[in-house]
Each structure stands twice: as structure tokens, then as C-alpha cells.
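Enquirer: Need coordinates for the following:
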Amino acid sequence: MFRRGLVLCLALATVASLAACSQSSPATTLEPRKPVSIVNCGFTVPLDSPPKRVITIKSTSTEMLLALGLGDRIVGTAFQDGPLPKSLEPSKPLPVLAEKVPSEEVVLNATPDFVYAGWESNFSADGAGTREDLAGLGIRTYVSPAACKEPQFKPEKLSFEEIESEIRQIAQIFGVDPSEVIKSQRSILKSIHKDNRGLTALWFSSGSDTPYVGAGIGAPQLIMDTIGLQNIAADIKDTWSSFSWESVIAADPDVIVLVDASWSSMQKKIGVLESNPATAKLKAVREHRYLIVPFAASEAGVRTASAAADLAKQLAALP
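Expert: Residues are numbered from 1 along each chain as shown. Okay, the predicted model is just below:
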């Protein structure tokens with residue numbers, strides 16, 4: 001119980017103190033740029049002028065704009081995965097359009113000129129609207145590149161260079177200077193002490209009958225590589241994936257990373273692991289060798305470096 005309490009305390013002291021730049025720091029505007037266009041997940045996005053009215057869907061997009069000092073451009077948020085870290089909290093609450101993916105009607109009622117989504121699936125006929133439909137209405141759209149799903153646009157394996165590239169591209173779209181955010185990210189990464197014990201790990205995101213885990217090419221793999229953990233699902237060429245309890249039991253990981261979400265809490269996951277006679281025998285379960293990461297910090301974005309730093313500290317505290 002002592003160890004579990006220690007991990008929980010570390011988790012609650014989490015990435016809030018390590019996140020990039022505070023939204024209270026205004027964006028540094030660059031010189032006006034000529035109209036350009038970018039290709040984002042295979043979709044061409046014209047950039048004739050910086051967006052002024054933005055809807056963010058998923059925490060990663062909201063936090064990216066706040067870190068870049070662009071909170072005043074946000075006219076609505078949706079599908080937020082958890083509370084903002086304190087260092088990114090705006091001076092006044094951001095408008096919430098929907099708890100999950102907003103409908104196209106809700107999106108249009110907010111009169112945005114730009115919709116920034118964390119997942120490609122957020123743009124659909126029964127969601128926020130297709131990218132084609134929104135473009136026809138003069139609304140530009142953008143998906144976090146780490147979430148592109150088509151094979152030709154999907155990252156082979158996420159790196160911090162690719163996260164930095166998204167920071168730079170969003171800064172370019174809005175005509176602001178990303179240098180302070182990037183400097184902060186690099187400083188956080190430089191502070192991380194990589195564990196050298198050769199420990200194996202399961203990244204347990206959700207599920208009970210079938211575990212849904214961090215696989216071999218996304219943010220979970222990047223974080224585990226950064227802190228010195230060997231992912232038991234690294235051979236799966238996807239960001240997240242269903243796995244099997246048989247594979248978990250065969251691997252018997254030294255550490256289990258528990259993703260703490262409102263819909264699948266760390267306590268629920270511990271209950272799943274400890275109530276099943278087979279998984280209860282796992283070394284990590286017997287010895288309560290759990291690391292905790294908030295769901296909002298588990299996806300690729302400006303909190304990935306901070307999440308790695310926080311998990312590295314939790315890992316170092318384990319015997």
C-alpha cells in the first residue's frame with residue numbers, strides 16, 4: 001500500500017509543473033506572411049491568413065494553442081480528455097461546445113474559421129463534419145500529424161522531432177514564434193535520466209476482457225523509449241492496439257503504466273489486474289509496480305515531454 005500511495009502522490013504532482021509555456025504568456029507575432037498551403041494527413045489546407053476563430057477538438061490541440069499563447073483565438077473546445085495542467089490554464093474558462101465530438105451544427109454555430117482536431121476520426125459526417133464539407137464553407141481544418149491514419153501519411157514511428165515539427169507548423173499557420181515552446185520542450189527532455197535496468201513494461205490504456213495497450217509507433221512507445229522501458233507490445237506497428245492477456249502473462253512485465261482517464265481510472269485498471277487470478281500473479285501486480293499517466297498527457301503533443309519526465313521520476317522511485 002505504501003508503494004501504491006507513493007506512485008499516486010507522484011502522479012498528482014504530475015506534468016502540470018513541467019508543461020511547456022503558460023497561456024498567460026502572449027504569442028509573439030511574426031511578420032505577415034504570404035499565402036501558402038500545407039498538406040495535412042493528405043488534405044490540402046490553404047493558409048491565406050492566420051486563423052482568428054478556432055475550435056479545438058481533443059486536449060492535444062487545445063494545449064498546443066495555449067502553449068503557443070493563442071488561447072484568445074479559441075472560440076470553443078470539445079472532447080477534452082482531462083483537466084489542463086496548471087501552467088496552461090487560461091485566465092478565464094474556455095467555452096465548451098460538447099463533451100465528446102461536436103456535431104457539424106454545433107461547429108457551425110460557433111462560426112470558426114479553423115478547426116484543429118487531435119484525431120482524424122473527429123471529422124466525419126456524423127461528427128464535426130467532413131474536412132471537404134467544412135472547406136466548402138470556408139473553414140480550414142487540421143489534424144495532429146501523429147494521428148494520421150492513412151499508411152502514406154502515418155508516421156513510421158513517432159519522435160520528438162515530429163512533435164516539434166507540429167509545434168512549428170501550428171506556429172507557422174498562426175504566424176507566431178514557437179522558439180520558447182521548443183526551448184522548453186528540449187530543456188525538459190534534457191533533464192530526463194534514462195533508467196538503465198532493462199525493465200519491461202505494459203502500457204495499459206483501457207479494457208478488461210481485452211486490454212488496449214500502447215503499441216510500437218506512437219506516444220506510449222516514444223515515452224517508454226525515452227525513460228528506458230522496453231515495451232512488451234513494441235512489435236505491433238500501431239499507436240495503440242488491442243492485445244491479449246495471454247501475451248501479457250507470457251511477458252510478465254516488470255512495470256505497468258496505467259493511463260488514468262475519467263472513463264477508465266487507474267483504480268479500475270488495478271481492480272482488473274488484481275481481481276483476475278492469472279494477472280494477479282504478474283510480478284508488477286504483486287509488487288504494485290505501477291506508473292501513472294493522465295490520459296490527456298498520453299497522446300502526442302506539447303505534454304509528451306513532460307509526461308516522459310514525470311514517468312521517469314516515478315520509475316526512479318521504484319526499487
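Enquirer: Correct me if wrong, but residue 111 is in a strand.
Expert: No - in this structure, residue 111 is coil, not part of a strand, as judged by DSSP: H, G, I helix; E, B strand; the rest coil.
Enquirer: was I right about it contacting residue 52?
Expert: No - applying CB atoms under 8 Å as the test, residue 111 and residue 52 come out as separate, 10.4 Å apart. From N, CA and C alone the C-beta is placed, and that goes for glycine too.
Enquirer: Spatially nearest residue to residue 140, not counting backbone neighbours?
Expert: Once its chain neighbours are removed from consideration, residue 140 has its nearest residue in residue 114; the separation is 4.9 Å (CB to CB, 6 or more residues apart in numbering).
Enquirer: Give me the phi and psi for that neighbour.
Expert: Note on residue 114: its backbone torsions stand at phi -160, psi 130 [degrees, to the nearest 10].
Enquirer: Now do the contacts for it.
Expert: If a contact means CB atoms under 8 Å, 6 or more residues apart in numbering, then residue 114 has 51, 53, 54, 55, 139, 140, 141, 142, 173 as its contacts.
Enquirer: Read off the pLDDT value for residue 18.
Expert: Confidence at residue 18, expressed as pLDDT, is 39.
Enquirer: One more: residue 5?
Expert: In this prediction, residue 5 carries a pLDDT score of 43.
Enquirer: Looking at the contacts of residue 114, which is nearest residue 215?
Expert: Taking CB to CB as the measure, residue 215 lies nearest residue 142 of the contacts of residue 114, at 24.4 Å.
Enquirer: so residue 170 sits right up against residue 68, yeah?
Expert: Yes - counting by CB under 8 Å, residue 68 is a contact partner of residue 170 at 6.5 Å.
Enquirer: Now list whatever residues contact both of these two.
Expert: residue 178.
Enquirer: More neighbours: which of these two?
Expert: When neighbours are counted by other CB atoms under 10 Å, residue 170 and residue 68 differ, and residue 68 comes out ahead with 26 against 22.
Enquirer: any idea how far the more buried one lies from residue 147?
Expert: Note on residue 68: its distance to residue 147, by CB to CB, to the nearest Å, is 19 Å.
Enquirer: ok, which stretches of the stretch 201-319 of the chain are helices?
Expert: Secondary structure of the stretch 201-319 of the chain, counting by DSSP state H, counting those that start in this stretch: helices at 219-227, 245-251, 266-275, 283-286, 304-317.
Enquirer: What residues sit buried inside stretch 295-315?
Expert: 295-315 (16 or more other CB atoms under 10 Å).
Enquirer: swap that for stretch 247-267, sorry
Expert: Neighbour-count burial for stretch 247-267, with 16+ other CB under 10 Å as criterion, is recorded at 248, 251, 253-261, 264, 266.
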